[in-house]
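J.: could you work out the structure for the sequence below:
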Amino acid sequence: MSALGIVLAAGKSTRMKSALPKVLHDVCGRPMIEHVLDALRRAGVEKTVVVVGHRADLVQGALSKRRDLEFALQEEQKGTGHAVMMCREQLARHDGPVLVLAGDTPLLKSETLQQMLAAIENDHAACVIGTAMTAANQGLGRIVRGANNDFERIVEEKDATAEQKAIQEINTGCYTFDAAKLLASLEHLKTDNAQGEYYLTDCPRHLLAGGEKVVAAPVFDIIEAMGVNTRVQLAEVSRQLVQETLQRLMVSGVTIVSPENTWIEPQVEIGRDTVIHPFCYLTGHTRIGEACEIGPYAQLANQEIPDASVIRAG
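T.: Next up is the predicted model:
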C-alpha cells in the first residue's frame with residue numbers, strides 16, 4: 001500500500017531572526033527540508049505534499065527539480081491542523097497511510113519512518129503518534145497513557161499537572177494517519193485555545209473519542225526528532241549529521257585521525273584505506289578514491305580524487 005507524505009513548511013524564521021524561510025537554512029550543504037524529503041523517499045513514500053506559506057516562492061523554487069512533490073499553499077498560518085487542511089484535495093485522492101512531518105527535522109531516519117508506516121498497518125490504527133523518551137522534556141507535549149498502557153491523550157506543558165510534567169515520553173510531532181480518517185477528523189478542529197489556532201494534536205483526540213484506535217509508538221530517538229527553531233539548534237543538527245558521517249566512514253574502512261577536528265558532509269564518498277588528517281573540510285559531492293592521504297588542512301568541494309592521491313592543504 002503506497003503512502004503519502006505531508007511536510008509542513010509554511011512557517012517564518014522568527015526565532016532564527018532571518019528573512020529566509022526556516023526550512024531553507026543550510027544543514028550540511030543542503031536546505032534542511034531536503035533531508036526530510038530524502039528520508040521520506042528512502043522510506044518508500046513516492047509522493048509528498050509540501051505545505052508552503054511564508055515566502056512560498058522561495059521554497060517552491062528551491063525544490064523545483066524534485067518530481068515527487070506537490071505544493072499546498074497556507075496563506076495564513078493558523079496552526080498545524082490548518083496546514084494539513086490545505087491538503088484536503090490530496091488526502092481525498094489518496095487511499096492509504098499518510099506520514100505528517102515537520103520540514104525543520106533534518107535528522108529523521110527512513111528506518112524510523114518505515115516503523116511508523118508498519119505500525120499503522122500492524123495495529124490497524126487510525127493514527128500512530130511518534131514518540132520519544134527524554135528527561136529533557138521541558139516545553140514538550142507529554143504522552144498520557146491509561147491503565148493498560150494505551151494512549152489516552154497529549155498534554156501540553158502549560159496544561160500539565162505536576163505528575164504529568166514528570167512524564168518522559170513526549171510527542172515528536174511526527175504522525176501516521178489513515179488518509180480518510182485524518183480527513184474526517186480535520187472537520188472537528190476548532191480554534192478554542194489560547195493561540196486561536198487549529199492544532200493537529202487534536203486530531204488523535206477526536207479519533208479516539210469516535211472509537212478509533214490511536215497508538216503512541218516510542219520509535220524515535222530524541223536526537224533524531226530534534227526540530228530547528230534557532231541558529232544554535234541549526235548548528236547542533238549539522239554537527240550531529242557530520243558525526244554520523246564520520247562514524248559511517250570509519251566503519252567502512254576510512255582512517256580519520258582526529259574526528260573532533262574534521263568536517264565531512266554526508267554526500268562525500270571516500271574509499272577504504274584512505275587517511276584523513278586533522279582540520280580537513282570536505283563538502284558537496286566530493287568523491288575520494290582508495291588509499292589516498294588527505295590533509296591536514298585540505299578543503300575539497302565537489303571534487304573527484306583518484307586512488308592513491310596525496311592532497312595537502314588547499
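
J.: walk me through the domains of this structure.
T.: By the assignment in automatic domain parsing, the chain contains the domains 4-217, 252-311.

J.: confirm Leu37 sits in a helix?
T.: Yes - checked against DSSP: H, G, I helix; E, B strand; the rest coil, Leu37 lies within a helix.

J.: what sits closest to it if chain neighbours are left out?
T.: Thr48 (6.3 Å; C-beta to C-beta, 6 or more residues apart in numbering). (C-beta placed from N, C-alpha, C; glycine too.)

J.: and that neighbour, what element?
T.: strand 47-52 (DSSP states H and E).

J.: coming back round to it: out of the domains of the chain, deepest packed?
T.: Burial of the domains of the chain is given as mean neighbour count (mean count of other C-beta atoms under 10 Å); domain 4-217 ranks first at a mean of 19.

J.: quick one: distance of that one to the chain centre.
T.: On the basis of C-alpha atoms, centre = their mean, to the nearest Å, domain 4-217 sits 9 Å off its chain's mean C-alpha point.

J.: cool, and stretch 256-269?
T.: Counting by C-alpha atoms, centre = their mean, stretch 256-269 comes out at 23 Å from the chain centroid.

J.: what pLDDT, on average, does that stretch get?
T.: On average, the pLDDT along stretch 256-269 is 98.

J.: confirm Gln240 sits in a helix?
T.: Yes - the assignment for Gln240 is a helix, going by three-state DSSP.

J.: can you give me the neighbour number for it?
T.: When counting by other C-beta atoms under 10 Å, one arrives at 17 neighbours for Gln240.

J.: I'd say it and Ile223 touch.
T.: Yes - if you go by C-beta atoms under 8 Å, Gln240 and Ile223 touch, sitting 6.2 Å apart.

J.: need the overlap of contacts for these two.
T.: Counting by C-beta atoms under 8 Å, 6 or more residues apart in numbering, the contacts common to Gln240 and Ile223 are Leu107.

J.: and the strands in the stretch 101-250 of the chain?
T.: 127-133, 142-145, 151-155, 169-178, 214-217 (DSSP state E, counting those that start in this stretch).

J.: need the pLDDT of Asn193.
T.: Reported pLDDT for Asn193: 81.

J.: ok, it to Glu76 distance?
T.: Distance check for Asn193 against Glu76: by C-beta to C-beta, to the nearest Å, it reads 16 Å.

J.: again, but for Leu189
T.: 15 Å.

J.: what does Gly271 give?
T.: With C-beta to C-beta as the criterion, Gly271 and Glu76 are 51 Å apart.

J.: repeat that for Phe279.
T.: Taken as C-beta to C-beta, the span from Phe279 to Glu76 is 48 Å.

J.: where does pLDDT dip in the chain?
T.: Applying pLDDT under 70 to the chain flags the ranges 1, 314.

J.: make it 80
T.: Counting by pLDDT under 80, the chain shows low-confidence ranges at 1, 194, 314.

J.: in it, which residue is closest to the centre?
T.: Thr105 (3.1 Å; C-alpha atoms, centre = their mean).

J.: hey, what's Ile256 bridged with?
T.: Ile256 has these beta-bridge partners by DSSP bridges: Ile276.

J.: which residues does it contact?
T.: 246, 249-250, 262, 264, 276.

J.: let me know whether Phe220 touches Ile170 as I believe.
T.: No - if you go by C-beta under 8 Å, Phe220 and Ile170 don't touch, sitting 9.3 Å apart.

J.: shared neighbours, these two?
T.: With C-beta under 8 Å, 6+ apart as the test, Phe220 and Ile170 both reach 131-132.

J.: for the closest residue to Asn171 other than its chain neighbours, what are its contacts?
T.: Nearest residue to Asn171, sequence neighbours excluded (C-beta to C-beta, 6+ apart): Gly141, at 4.0 Å. Going by C-beta under 8 Å, 6+ apart, Gly141 touches 154-157, 170-171, 201.
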